[in-house]
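J.: Coordinates only, no sequence provided:
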C-alpha cells in the first residue's frame, strides 16, 4: 500500500512539475512571437479528429525541395567544424540511431531566403540552356522546370535553417549577425545514412499540434472524415496565418491559427 502511495505521489509530482513548466514558459517573462503562414508551417494533412479537432502542423524545411519540387527538405549541409561539434558517433555513426537533441537557428526572410530563390532561378536557367538543343526530352524538362519554379517561388518557406548546434549558447553569436527576425528552437538532429557526408536532417521539437474550434476547422477546410496529404496538383491548400511563440524556458508552441487572404505573410 505504501509503495502504491509513493508511486502515486511521484506521478502527481511529475505532472505538477510539467504543468508548472508549461505555465512558466507561457506566462512568465517575455514571450517572443513570429507570424508565419502555410508556407512555413504546413498542415501535415487536412484532417482533424472530431472529438479534439487537433491540427497537425509541420515545418516546411529549407525548401519544398528538389527533384520533384513539392516534398519539404529538412536537410542542411554543415562545415566540417560544425558537423564534428555535434559528436554524432564518429566512425560508427549510423543515421537515425545516432541522432541527438540540439538547437537550430532559423532566419525569417532576408539573405537566406533570397539565396534559396536564386538557386531555384539557376535551376530554371540550366533547363533553358539544355532546351536550346531542341531535343524533345530537354523541352519537356524545361516545361517541368518552369512549373516547378513557379511552385517553388510561390510556396517556398521563408523560415530558413542556417545553423545547428548541441547547445543554444553556441548559436547566440551567429544569431546576432542577422538583422532579420531569428528563432533559436529545440530540434532533433540526425545524420545521413553512414555519415558519409556532412549533411544532417533537422526536425523541430515541440511544434506541431494545435486545437481549433469547430467553426475554425470549417474555415480552414479541415474535417474529421477527409484526408488530403500534401501532393502536387492537390486541391488548393487552406491559407492561414500561424503564430509561433517562444516562451521564457525556450519551449515553442503554436499560439494561434487563423484563416487569411491576400499576402498572409505581412
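T.: Good, I have the coordinates. If you're wondering where the values come from, they're calculated on a predicted model, not measured in any experiment.

J.: use CA for all of it now, contacts and neighbours both
T.: OK.

J.: In this protein, mark out all the strands, start to finish.
T.: Residue ranges of the strands in the chain, as given by DSSP state E, are 32-37, 41-43, 54-59, 75-77, 100-108, 159-165, 182-191, 199-204, 209-211, 240-246, 252-259.

J.: Turn those into CSV, including mean neighbour count and mean pLDDT.
T.: CSV is the format used below for the strands of the chain (neighbours: other Cα atoms under 10 Å; pLDDT from 0 to 100):
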stretch, mean neighbour count, mean pLDDT
strand 32-37, 18, 82
strand 41-43, 24, 77
strand 54-59, 20, 75
strand 75-77, 18, 82
strand 100-108, 22, 90
strand 159-165, 23, 90
strand 182-191, 23, 88
strand 199-204, 21, 85
strand 209-211, 16, 70
strand 240-246, 21, 81
strand 252-259, 19, 80
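
J.: I'd like the ones you listed laid out as TSV, including distance to residue 141.
T.: Formatted as TSV, the strands of the chain follow (distance: least, Cα to Cα, whole Å):
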stretch	distance to residue 141
strand 32-37	30
strand 41-43	28
strand 54-59	29
strand 75-77	25
strand 100-108	32
strand 159-165	28
strand 182-191	32
strand 199-204	28
strand 209-211	39
strand 240-246	33
strand 252-259	36
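
J.: so which of the ones you listed gets nearest residue 93?
T.: Residue 93 sits nearest to strand 182-191 of all the strands of the chain, at 7.9 Å, using Cα to Cα.

J.: Quick check, residue 103 in contact with residue 168.
T.: Yes. Residue 103 is within contact range of residue 168, at 5.7 Å (criterion: Cα atoms under 8 Å).

J.: Mutual contacts of the two, please.
T.: Common contacts of residue 103 and residue 168 (Cα atoms under 8 Å, 6 or more residues apart in numbering): residue 184.

J.: end to end, how far does stretch 184-197 reach?
T.: 25 Å (Cα to Cα, to the nearest Å).

J.: next one: stretch 179-199
T.: 26 Å.

J.: and if you look at stretch 146-162?
T.: With Cα to Cα as the measure, stretch 146-162 spans 27 Å from end to end.

J.: Name the nearest residue to residue 164, ignoring sequence neighbours.
T.: Residue nearest to residue 164 in three dimensions, not counting chain neighbours: residue 104, with 4.4 Å by Cα to Cα, 6 or more residues apart in numbering.

J.: Show the contacting residues for that neighbour.
T.: Counting by Cα under 8 Å, 6+ apart, residue 104 makes contact with 161, 162, 163, 164, 165, 171, 184, 185, 186, 187, 202.

J.: between the strands of the chain, which gets nearest to residue 148?
T.: strand 41-43 (18.4 Å).

J.: Do you have the helices of the protein handy? List them.
T.: Taking DSSP state H as the test, the helices found in the chain are 2-27, 80-85, 110-131, 136-155, 169-175, 214-219.

J.: Which of these comes out lowest on mean pLDDT?
T.: Among the helices of the chain, helix 2-27 carries the lowest mean pLDDT, a mean of 58.
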